[in-house]
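Undergrad: need the 3D shape of this:
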Amino acid sequence: MDLILLDMHLPDGHGLGLLQRLRAEGRPVDVIAVTSARDTEVVRRAVSQGVVLYLLKPFTFAAFRGKLEQYAEFRARLERSPADVVQDDVDQLFGALRARPTGEALPKGMSLDSLRAVVEALRQRPDGLSATEAASVVGVSRVTARRYLEHLADEGRVTRSPRYGGAGRPEVGYVWAATDGG
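TA: Numbers count the residues shown, from 1 in each chain. As a prediction, the model looks like this:
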């Protein structure tokens, strides 16, 4: 067994408990956490127990595939590595496990910095934001803000619903849905 996809919320216990038992048995298996566990302490403990990649639910198939491709690249590089490595070899091995260059997983024309700004704005407003409100907070056009909000909705990271109350057409409200817990 080379790889385990591990959820932290298991029916009969915590994923870190299972991982701790595997390590105590001397099993040097690689682990990718695929979980909704967002607690920083859980992430820290996962890394300290040798989790090589951590994928938060909900996620897209593209994100899942990306993590598996990163792991496959890491394993391929590991197999090709000489018995005695130099620092550059180690850096390249660990580099295979690092995030891809900015924007690679985003649709064309979207930037990671803008996406992070929209996410941060949503997280600070539990009641949610419209595209107009998000645009004002982030400092982008309403059309740009809506594009990022729709991307987040398509990924399941925000919920959208109509907002009624003013004259004219209702606005769409976006509320951060990626919450802590199971």
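Undergrad: which residues touch P162?
TA: P170, E171, V172, G173 (C-beta atoms under 8 Å, 6 or more residues apart in numbering). (Glycine included, C-beta is placed from N, CA and C.)
Undergrad: what about the residue lying closest to H14 once chain neighbours are set aside, how many neighbours?
TA: Among residues not flanking H14 along the chain, M8 sits closest, at 6.1 Å (C-beta to C-beta, 6 or more residues apart in numbering). M8 is flanked by 25 other residues according to other C-beta atoms under 10 Å.
Undergrad: M8 contacts R38, correct?
TA: No - under the criterion of C-beta atoms under 8 Å, M8 makes no contact with R38, lying 9.7 Å away.
Undergrad: what sits against Y71?
TA: Applying C-beta under 8 Å, 6+ apart, the residues near Y71 are L3, D30, I32, V52, L53, L97.
Undergrad: skip the chain neighbours and tell me the closest residue to the fifth one.
TA: Taking C-beta to C-beta, 6+ apart, and ignoring the residues beside it in sequence, L53 has I32 as its nearest neighbour in space, at 4.4 Å.
Undergrad: would you list the buried entries among the contacts of Y71?
TA: D30, I32, V52, L53, L97 (16 or more other C-beta atoms under 10 Å).
Undergrad: filter those residues down to the ones in strands?
TA: D30, I32, V52, L53 (DSSP state E).
Undergrad: returning to what we had before: V118: which of the buried ones among the contacts of Y71 is nearest?
TA: L53 (24.6 Å; C-beta to C-beta).
Undergrad: measure that closest one to Y71 for me?
TA: Distance of L53 to Y71, computed by C-beta to C-beta, to the nearest Å: 6 Å.
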